[in-house]
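Engineer: fold the following and give me the result.
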Amino acid sequence: MNPMIPRKFPALLGFAVLGVCLVSPGLRGAAPTMPVSEIRPGMVGISRTVFDGTHVEEFKANIIGVLENVIGTRRNLILAKLEGGPLANTGVIAGMSGSPVYIDGRLIGAVSYALGSFSKEPIAGITPIAEMTDATAFSDVRPIGARVHIDYPLTRESLTAAFRKALNWNRPFADRPGDTQMTGVSAVNSLSGFGGGQLGALLRPIATPLVMSGFEPEYADLLGSAFSDQGFLPTGGGAGGARAGEMAFDGPLKPGDAVGVALVTGDLMMGATGTVTHVDGDRVYAFGQPMYNLGPTEFPMTRAYVYTVLPSLFSSMKLSSTGDVIGTVLQDRATAIAGKLGPGPKMMPVSISLESRRAPKRSFKFDVVNDQLFGPLMTYASIGNTLQSYERQFESATFAVHGVVKVKNHEAIALDNLFSGEQALTSAAAYLVAPMTYLLGNDYEKVDIEGLDISINTAEEPRTATLERVWLDDPRPRAGRKAPLKVLFRTYRGEEIVRTVPIDIPANASGSLSLLVSDGARLGMAEQREARLPQPRSVDQMIKSLNRGRRNNTLYVKLLGSDAGAVVRGEMLSSLPPSVLGVLEGDRNGGNFNPLQSATLGEWELPTEHAVHGSRTLTFTVVQN
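Structural biologist: A predicted model of the protein is given here:
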């Protein structure tokens, strides 16, 4: 027995130990911390991470000094030389970001920065724990400035440019040597003559392994190249629960464990892996650096399994995979990611039914994160990858798509279109993801997309047609009667197809009228140019505009008269009396009125089995009865 403990207190000591045992599960992450002000060169810390399987191993962190970012962000970075395990051969390893470092049992921070590529020594930067916890105070609204705009169909150049513009977190600790100073000057000479400022400009966030499974090379390269530019290392891997022969996880999540962040799960998988720094009750802090620096997020937090460490002179990395969902990542900040243990976030289910003449019907299911950036991006990649895998197109193909986007507390969005030609695959994927992109990026309310159900019918041949001619099959069209409109279009094989549309001429029509026959794209541009329709002012208006969208396999017919009209609060009103126009004119300065030079007297649709292109206008004179 310790001589400092009086013998008369053995029973009391026993009760105290029992009390600690009873409460320890809730306090397993409440380790004492050490502030940066107490850090001194020469201190030796103990760090923890997983090098193989699920077993947490220790290694040393020999403290060199503290880099102080005296210009700009005014952050600190503890500099250390790592020692132990495979680090002498591998250097700092991608995937170990977040590894906790303790001095005398007190947590000082997370390994998070490395001294570039081809480094001869495992020199690392440690993000102070106070900066990790302070930066990740929980909130649930992503600021407008943090929303990322990506154009679809996607190209490698456009995705890389969007990431660089909006994310751009993979920067050194300091932009210039003069931005930092180092405390512990005596230690600087041990780093081959580098000063503190120079080290600050060389230290970058440790690369994050990006686990990808099920992606075709084309889409793996498309996504991987853009993510690589942001500090990720794309790798292959698997997902899901434990597999036969794998090491079991050692109890609840703890500091040093590998942890994953999933973006898409199901028949395809993508996610990032790193290391847990601190567990405080149900709160988890990890990485010691951003994943994407998006701010508030709702990403699944998962277990992660490390297969091995792959040594590399350029950048050693952990080969890992994500596992079961154990919580939700709620914050993605400059110094850490943070979340809560428990149920995972609500995902957006995507269901695809694929049919073709040459193969049996196939079904695919994915779950993508409900996020403004990665929800549409992962949906686009999943759809495109599925079509690329099972309906390869070497020249031209046709995709007829049908489906629905389910939106909580709002009307569903109907999907119905046809795409044909050399760009049909990417155009179809862009069309299907457009409503999701539009709604998730709105400024009016947070939208909860409950699911995307898609049916795609494919053909290994183009189905395109060109509108060539329109005419009325009545030499004397009369007011109040039907006039047969003939429409001739020619298919890609040269076949002529003539269709008839009965046109109802209003009884009060007189003089010269016009018939506009157009494909959906040209008609939409013409209407926008003339009407200058205002932007929707609510999610309901956004959904209404999506459901009015034009289709590629339909010709649109509009009967136009010379009477004036107007667009009032986003609605097109035709053939308005002069007195009404005069009243509405007074509201012009309020932005709710826009005059139209012609009136729409009737509209018709002519569905076809082809993606038809072209526009024709026919002018005729109405004869009174």
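Engineer: show me where the stretch 301-450 of the chain has its helices.
Structural biologist: Residue ranges of the helices in the stretch 301-450 of the chain, as given by DSSP state H, counting those that start in this stretch, are 374-390, 424-440.
Engineer: can I get the CA coordinates of the last one in PDB?
Structural biologist: Translated: helix 424-440. Listed next in PDB are the C-alpha coordinates belonging to helix 424-440 (Å, rounded to 0.1, in the frame of the first residue of the first chain):
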ATOM      1  CA  ALA A 424     -26.400  11.200 -74.300                       C
ATOM      2  CA  LEU A 425     -24.900   9.500 -71.200                       C
ATOM      3  CA  THR A 426     -23.500  12.600 -69.500                       C
ATOM      4  CA  SER A 427     -26.600  14.600 -70.600                       C
ATOM      5  CA  ALA A 428     -28.900  12.100 -69.000                       C
ATOM      6  CA  ALA A 429     -27.000  12.000 -65.800                       C
ATOM      7  CA  ALA A 430     -26.900  15.800 -65.700                       C
ATOM      8  CA  TYR A 431     -30.700  16.000 -66.300                       C
ATOM      9  CA  LEU A 432     -31.400  13.600 -63.400                       C
ATOM     10  CA  VAL A 433     -29.200  15.400 -60.900                       C
ATOM     11  CA  ALA A 434     -30.400  18.900 -61.900                       C
ATOM     12  CA  PRO A 435     -33.400  19.100 -59.600                       C
ATOM     13  CA  MET A 436     -31.300  18.000 -56.600                       C
ATOM     14  CA  THR A 437     -28.600  20.600 -57.400                       C
ATOM     15  CA  TYR A 438     -31.200  23.400 -57.900                       C
ATOM     16  CA  LEU A 439     -33.100  22.600 -54.600                       C
ATOM     17  CA  LEU A 440     -30.200  21.900 -52.300                       C
END
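Engineer: what's that helix in contact with?
Structural biologist: Defining contact as C-beta atoms under 8 Å, 6 or more residues apart in numbering, one finds that helix 424-440 is touched by 150, 152-154, 348, 370-372, 375-376, 379-380, 383-384, 387-388, 391, 393, 396-399, 401, 403, 405, 407, 413, 415, 417, 419, 447, 449, 452, 454, 456, 462, 539, 542-543, 546. Bear in mind the C-beta positions are built from the backbone N, C-alpha and C, glycine included.
Engineer: how big is the angle separating it from helix 374-390?
Structural biologist: Calculated by axes from the mean of the first three to the mean of the last three C-alpha atoms, to 10 degrees, helix 424-440 forms an angle of 160 degrees with helix 374-390.
Engineer: what average pLDDT does helix 424-440 get?
Structural biologist: For helix 424-440, the per-residue pLDDT values average out at 92.
Engineer: just give me how far that helix sits from the chain centre.
Structural biologist: For helix 424-440, the separation from the chain centroid amounts to 13 Å (computed by C-alpha atoms, centre = their mean, to the nearest Å).
Engineer: may I see the buried residues of that helix?
Structural biologist: Of all the residues in helix 424-440, those buried under the rule 16 or more other C-beta atoms under 10 Å are 424-440.
Engineer: which regions of the stretch 451-600 of the chain sit below the pLDDT cut-off?
Structural biologist: Scanning the stretch 451-600 of the chain for pLDDT under 70 picks out the ranges 529-534, 563-598.
Engineer: which residue is nearest the middle of the chain?
Structural biologist: The C-alpha lying nearest the average C-alpha coordinate of the chain belongs to residue 374 (C-alpha atoms, centre = their mean; 1.0 Å).
Engineer: now do the contacts for the residue lying closest to that one once chain neighbours are set aside.
Structural biologist: Take residue 374 and drop its neighbours on the chain: the residue closest to it by C-beta to C-beta, 6 or more residues apart in numbering is residue 263, 5.2 Å away. With contacts defined as C-beta under 8 Å, 6+ apart, residue 263 is in contact with 270-272, 299, 368-369, 374, 378.
Engineer: equivalent analysis for residue 462, please.
Structural biologist: Here residue 462 is in contact with 396-398, 420-421, 424, 492 (C-beta under 8 Å, 6+ apart).
Engineer: how about 7 Å then?
Structural biologist: 396, 398, 420-421, 492 (C-beta atoms under 7 Å, 6 or more residues apart in numbering).
Engineer: how about these, which pair is most distant?
Structural biologist: Using C-beta to C-beta, the pair of the contacts of residue 462 lying farthest apart is 398 and 492, separated by 10.1 Å.
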